[in-house]
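S.K.: Sharing a model that was predicted from the sequence below.
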Amino acid sequence: MTTLMWLCLAPLAALTGWAVYFAVKHRAVILRQLWLGAAIEGLLIVQLVTGLVLYAQGSASEDVAVWLSYAIVGLLLLPGGAVMAFVERTRFSSIVMAILGASLMVMQWRMTQEWQVIW
């Protein structure tokens, strides 16, 4: 699971940095950023499926509910940010994407902590 966390963190850091740069330049989110968000969403789905498979094989404890909650909420944040980017076509869409990216990075860190407690 740690490898998947790093695979998710690298593009999340790129998206967050890109969104902060656009917010500083007073620019709205662009389609390329949303494509990067879609790729991150795919990685989050792979992470969720991997976690569920490991849980089904008995590699988890009762704390899996916390991990699963983080995973599901993480899957909902990026599509919400994409909708916000289309509704709010100002620099605030970039600010929202930066906040979402930072939030997801913290959630990835916490998910890894929860999973390592299980091991």
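M.R.: Arrived safely.

S.K.: can you list the weak-confidence ranges in the chain?
M.R.: Where the chain drops to pLDDT under 70, the residues are 1, 60-62, 117-119.

S.K.: Kindly list the longest helix within it.
M.R.: Assignment by DSSP state H gives helix 91-118 as the longest helix of the chain.

S.K.: From residue 56, how far off is the residue nearest the centre of the chain?
M.R.: By Cα atoms, centre = their mean, the mean C-alpha position of the chain lies nearest to residue 104, the distance being 4.0 Å. Counting by Cβ to Cβ, to the nearest Å, the separation of residue 104 from residue 56 is 25 Å. Using the backbone N, CA and C atoms, a C-beta is placed for each residue, glycine as well.

S.K.: Next: residue 47.
M.R.: Residue 47 sits 15 Å away from residue 56, going by Cβ to Cβ.

S.K.: Can you pick out the residue with more neighbours from the two?
M.R.: Neighbour count, other Cβ atoms under 10 Å: between residue 47 and residue 56, residue 47 has more, with 21 against 9.

S.K.: what about that one, distance to residue 71?
M.R.: From residue 47 across to residue 71, the span is 7 Å (Cβ to Cβ).
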